[in-house]
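Undergrad: quick one: sequence plus predicted model below, questions after.
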Amino acid sequence: MSRFTTDTIPAGAPDELVTEAHYRLVDLPGGAGRAALITLDNGKDHTKPSTFGLGGLKSLSAALDQAEAAAAAGEIVAVAVTGKPFILAVGADLTGVGQLTDREQARVTGQAGHDVFRRLGELPVPSFGLINGAAMGGGLEVALHCTYRTISSGAGMLALPEVFLGLIPGWGGAYLLPRLIGPASAVKVIVENPLSQNRMLKAKDAFGLGIADVMLEPADFLAQSLRWAADVVKGDVVVERADVTADAEAWDAAVAAGRAFADAKVRGAAASPYTALDLIAAARTSTRDEGFAAEDEALADLVMGDELRAGLYSFDLVQRRAKRPVGAPDKSLARPITKVGVVGAGLMASQLALLFVQRLEVPVVMTDLDQERVDKGVAYVHGEIAKQLEKGRLNQDKANRLTALVSGSTSKADFADASVVIEAVFEDLKVKQQVFAEVEAVVSPECVLLTNTSSLSVTAMAENLQHPERVVGFHFFNPVALMPLLEIARAERTDDASLATAFALGKALKKSCVLVKDAPAFVVNRLLTRFLGEVTAAFDEGTPFDVAESALDPMGLPMSPFVLLQLVGPAVAFHTSETMHQAFPDRYGISENQRRIVEAGKTVLLAWDGAKPRIADDVAELLVLGDSPSTGDEVRQRALDAIAQEIRLMLDEGVVAEPQDIDLCMLLGAGWPFHLGGITPYLDRTGTSERVTGARFLAPGVASVPTA
Amino acid sequence: MPSNRAVRDVVLVDAVRTPFGKAGANGIYAETRADDLVVAVFRELLRRNPGLPPERIDDVAVAATTQMGDQGLTLGRTAGILAGFPRTVPGQSVDRMCAGALTAVTNLSSGIGVGAYDVVVAGGVEHMGRHPMGEGMDPNPRLIAEKLVDPEALFMGKTAENLHDRFPHLTKARADEYAVRSQEKTAKAYADGVIQQDLVPVSVRSASLGYGLATVDEPPRETTVETLAGLKTPFRAHGRVTAGNSSGLNDGATGAVLAAEEVADELGLTKKARLVSFAFAGVAPEVMGIGPVPSTLKALDRAGLTIDDIGLFEINEAFAVQVLAFLDHFGIDDDDARVNPYGGAIAVGHPLASSGIRLMAYLARSFEAHPEVRYGLTTMCIGLGMGGTVIWENPHFDGKKDA
């Protein structure tokens, strides 16, 4: 197969923001000779990091043509590659991938990248990757193809995150990285980190793993890198490389550990981690040609798969839609937030108070029914601030400041000058109505009243108030510090200024906000309750626990159904099911078994045999099970049919604007995986949406391989 | 209050500079910030002097003529933070136009002398591409209305023409010959590897060309007396002062470490020159080029020395005629080997506030090469009519009379 040259690399998409490879000769310090310095720069500042499309590959190819000619003529002793300020490059340009309809096109992209990048490692002179900033995917691969690497201690966002999206490092990373830093470290970078909320490396970590040969400070990184390169060229610095390919047993063990990790995370539901592991396994003994060809084939397969398309769709949702909530009113209508009130001092309310004080740095007043509860809540917040100080996340001055901002009272009088008051009290409509009435008596007419209710009607909560228009649903997910989603519900009378203030607050809290209608359980809890309700119903009907518990495994959800039920807690889950049954009796049932468990006061459902859960003996005694078991496939299909129906109804009701909002909620509120696309892409590609609701949710090509 | 306060000896520990560039859109530093040039110099000083714990630096003074933008924000402090100095090291800015770095050195040295400082860092920078001479200038109308200053005084080139008027025997031809020698001596100093020793390589960005690396001065050029003879005289029709016999408009930064001699010994630091005396003097602004004469006379007098005691001279070459005026006054030949042996500003450039320390770096090298010389001096003319001179003693002086 012939290699791609500058002329034969296909043209890129017309709207590609091309990363130019500027070629410039420099005199290396210390009289070491001249070097070719290639700077990757897409001409924009750091807010638009450089990526590689076909145009970018072409430009780099042209620069390498010049470098190869200069090296052959003896005019240079080294080649170096670096990026624009703060960015080396952040990967392949994925905007076009969503439109690819042809496996061959996908394979060509892989091959073109290989053919260009590999030349950095095949020059007659040494090459140096100068990692001056963020280097992800193809950006890091460029550096990996070089003979040597320097890294700036200020660089963050170093990763091969492809597996997170549903791809593999397809431009050499899966072959080169394990052969450079060993298989165990490579598995960490290529598989474990992406599957752990796409965790990335900082410079210190990357240097520690051996990704770079030397770490230099940012203030004069480039000049000092070239000095170091000069020393290497002159032989004054020698870099030792261990032969990590020698130990076959260690290699196999590392790959096996990687598979176990992937199993624990995705239960076989996503292909990309396993494909990456296969490539790493083969890398120990393949040649460069074999390794790169294998990456090309793997890339082509994955690109032509719906999982990757769903992954790209998900990535786009959480990067862009999450930051510009659809339907939010004009930002300028938001009122400033100078003080926050929190009603309730239980665990949820305390978590909220902590989040507010950390992010907003304004006074936060907590209230509850008695002094003991108030003190406990305030003590929790103060304690968490102290923990942050201990971990070095805050300095003493900041800790003092935040601690002083949080106070508590049994009286709501301190809410008088609050900009916003949020209630997180017991989930009962009358209790919440009472709380709002008491708060309204104290606060200004413009003070926005927020409710963290998960299933009650925000409209009903506001109906007896003098100013119902300032009430907004503001639903967090547990744990508040970690879960990014915030469902913001517009009630019947909510006005734009209050809604805008709620969105501004959500943004200040660094949450991803989605506008929802005031419908029972909004989006995430409504869908989860419906979906999991089918599983627990099948169990009640007589499906064996193991079968029901593992029925959803092919989806690769973060938690199996009964483990999730345990996490939510039987009482909360049952209470929610009652609320939903009242709202939609035909579709949401009540499990008598769950009622019995809650009335018996049981909080622990499961017992564990190692990693395998089973129903705890004392709970099993309470259960009355039917004699109509279903198979795992039947359970799963039934649950999927139910969720498809529910989503269609929600869209028709206008609970959210579009399927993209449903998916964003499931991705960020329930942690559902990228390869499902949240949920609607999966329902579409399995034919469920069409069969159950008469139509797809998304047009072909939006989150799936387009029909050509 | 101690009545027997002793003045301490001050030594120049080290001096470095960035390569100098040509000001303007096509110059090597067109897209480089002035403060980043200072940072490069500071970090190089620490690297070269590992025996100096940074927390021992008692003050940092950086000079720039135009203290705005990337040359503002109290550079001595800001550049220290950017360079990674400990937060406990304070900093200041200084201005005496062309003699900024020179003044930073003399100010801080005085502090060492009275025992307020042990170790200091002085520097100077001018990015004349970003901050042309006179940027933001707003002269008080009284200067002209009351004839306090001749209008020509604000234009350096015209003051040089005025010097030619005052000393008609200092002809254009002599100025051009001097200029060619400056270029030749610079080229030889490069060929001999002298200049490179005190240069720090600086990465330079060009958004259109990509990153590059400045390793040598950009301005030097090969030229001849014939070529120089044909150049325009922009400051006066049929004048004598040309771009070829003056220094250009340039970008660059310099830095130096100074210490009390006893502290340098304690820390095992190098001693490249020892401060003997310094002086500044004012002259009529319209002949500012003559400034080095009175400042040198004053400094010699303070030191109890005469011009004959001076074995090496580093004279800033803002204009060839101004150097010649100085040499003429003291009866020194135009091509005396003791004068600017490694060339000067006509060849490498004169980024205004930075040059004083460049003179010291050059003097330190020639001190090393000439242990038979005991005293040297660094002197420069200064805008608005001044001169500044520092007299130094050679630490390598071996006591032998010259051969």
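TA: Nice, I can see it.
Undergrad: list the contacts of the residue of the stretch 451-600 of chain A found nearest chain B.
TA: Closest contact between the stretch 451-600 of chain A and chain B, by CB to the nearest CB, is at residue A:510 (28.5 Å). For glycine as for every other residue, the C-beta is placed from the backbone atoms N, C-alpha and C. Contacts for residue A:510 were tallied using CB atoms under 8 Å, 6 or more residues apart in numbering or on different chains; they are A:359, A:484.
Undergrad: where does the chain dip in pLDDT?
TA: Chain wasn't specified; assuming chain A. A:1, A:708 (pLDDT under 70).
Undergrad: switch to chain B, please.
TA: Ranges of chain B meeting pLDDT under 70: B:1-4, B:401-403.
Undergrad: and it, which residues reach chain A?
TA: Chain B comes close to chain A at residues B:39-40, B:43, B:82-84, B:200-203, B:205-213, B:215-216, as judged by CB under 8 Å from any CB of the partner chain.
Undergrad: from these, keep the buried residues only.
TA: Applying 16 or more other CB atoms under 10 Å in any protein chain shown to the residues of chain B next to chain A, the neighbour count classes B:39-40, B:43, B:82-83, B:200-203, B:205-206, B:210-213, B:215 as buried.
Undergrad: where's the residue of the stretch 451-600 of chain A closest to chain B, which helix or strand?
TA: Using DSSP states H and E, residue A:510 sits within no helix or strand.
Undergrad: contacting residues for residue 330?
TA: Since you didn't name a chain, this refers to chain A. By CB under 8 Å, 6+ apart, the residues touching residue A:330 are A:496, A:500.
Undergrad: wrong one, chain B
TA: Each residue near residue B:330 by CB under 8 Å, 6+ apart is listed here: B:293, B:296, B:307.
Undergrad: nearest to residue A:486, of the residues you listed?
TA: Minimum distance to residue A:486 across the contacts of residue B:330 is 74.2 Å, recorded for residue B:296 (CB to CB).
Undergrad: quick check: the gap between that closest one and residue B:96.
TA: 16 Å (CB to CB, to the nearest Å).
Undergrad: with residue A:617 instead?
TA: Residue A:617 is 89 Å from residue B:96, by CB to CB.
Undergrad: cool, and residue A:550?
TA: For residue A:550, the distance to residue B:96 - CB to CB - is 82 Å.
Undergrad: quick check: end-to-end length of stretch A:350-369?
TA: End-to-end distance of stretch A:350-369: 14 Å, with CA to CA, to the nearest Å as the criterion.
Undergrad: how far does it sit from the chain's center?
TA: 26 Å (CA atoms, centre = their mean, to the nearest Å).
Undergrad: please apply the same query to stretch A:463-471.
TA: 37 Å.
Undergrad: show me which positions of that stretch end up buried.
TA: Using 16+ other CB under 10 Å as the test for burial, stretch A:463-471 gives A:465, A:467, A:468, A:469, A:470, A:471.
Undergrad: identify the residues contacting it?
TA: Contacts for stretch A:463-471 (CB under 8 Å, 6+ apart): A:433, A:436-437, A:440, A:445-451, A:458, A:461-462, A:491, A:493-495, A:498.
Undergrad: was I right to think residue B:126 contacts residue B:356?
TA: No - taking contacts as CB atoms under 8 Å, residue B:126 lies outside contact range of residue B:356: 11.3 Å.
Undergrad: so what sits against both of these two?
TA: Shared contacts of residue B:126 and residue B:356 (CB under 8 Å, 6+ apart): residue B:100.
Undergrad: how about the contacts made by the closest residue in space to residue A:605 that isn't next to it in sequence?
TA: In space, residue A:605 comes closest to residue A:566 once its chain neighbours are excluded; the distance is 5.0 Å by CB to CB, 6 or more residues apart in numbering or on different chains. By CB under 8 Å, 6+ apart, the contact list for residue A:566 reads A:604, A:605, A:606.
Undergrad: go on, residue B:306?
TA: Applying CB under 8 Å, 6+ apart, one finds that residue B:306 lies in contact with residue B:300.
Undergrad: and the helix or strand hosting residue B:363, what's buried?
TA: Take DSSP H and E as the rule and residue B:363 turns out to sit in helix B:355-369. Judged by neighbour count (16+ other CB under 10 Å), helix B:355-369 contains these buried residues: B:355-367.
Undergrad: convert the C-alpha atoms of it to CSV, please.
TA: Taking C-alpha atoms only, helix B:355-369 is exported to CSV below (Å, rounded to 0.1, in the frame of the first residue of the first chain):
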residue,chain,number,x,y,z
SER,B,355,22.6,49.5,27.2
GLY,B,356,24.3,50.4,30.4
ILE,B,357,24.6,46.8,31.5
ARG,B,358,25.7,45.7,28.1
LEU,B,359,28.7,48.0,28.5
MET,B,360,29.4,46.3,31.9
ALA,B,361,29.2,42.9,30.4
TYR,B,362,31.7,43.8,27.7
LEU,B,363,34.0,45.5,30.2
ALA,B,364,33.9,42.3,32.4
ARG,B,365,35.1,40.3,29.4
SER,B,366,37.8,42.6,28.5
PHE,B,367,38.9,42.8,32.2
GLU,B,368,39.2,39.0,32.1
ALA,B,369,41.3,39.2,28.9
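Undergrad: the inter-axis angle of the next helix or strand along the chain from it versus helix B:355-369?
TA: Next along the chain after helix B:355-369, taking DSSP H and E as the criterion, comes strand B:375-382. Interaxial angle, strand B:375-382 versus helix B:355-369 (axes from the mean of the first three to the mean of the last three CA atoms, to 10 degrees): 160 degrees.
Undergrad: mind checking what helix or strand follows strand B:375-382 in sequence?
TA: Using DSSP H and E, the helix or strand that directly follows strand B:375-382 along the chain is strand B:386-393.
Undergrad: on the three-state scheme, residue B:62 is what?
TA: Counting by DSSP: H, G, I helix; E, B strand; the rest coil, the backbone at residue B:62 sits in strand.
Undergrad: so how far is chain B from residue A:8?
TA: 25 Å (CB to the nearest CB, to the nearest Å).
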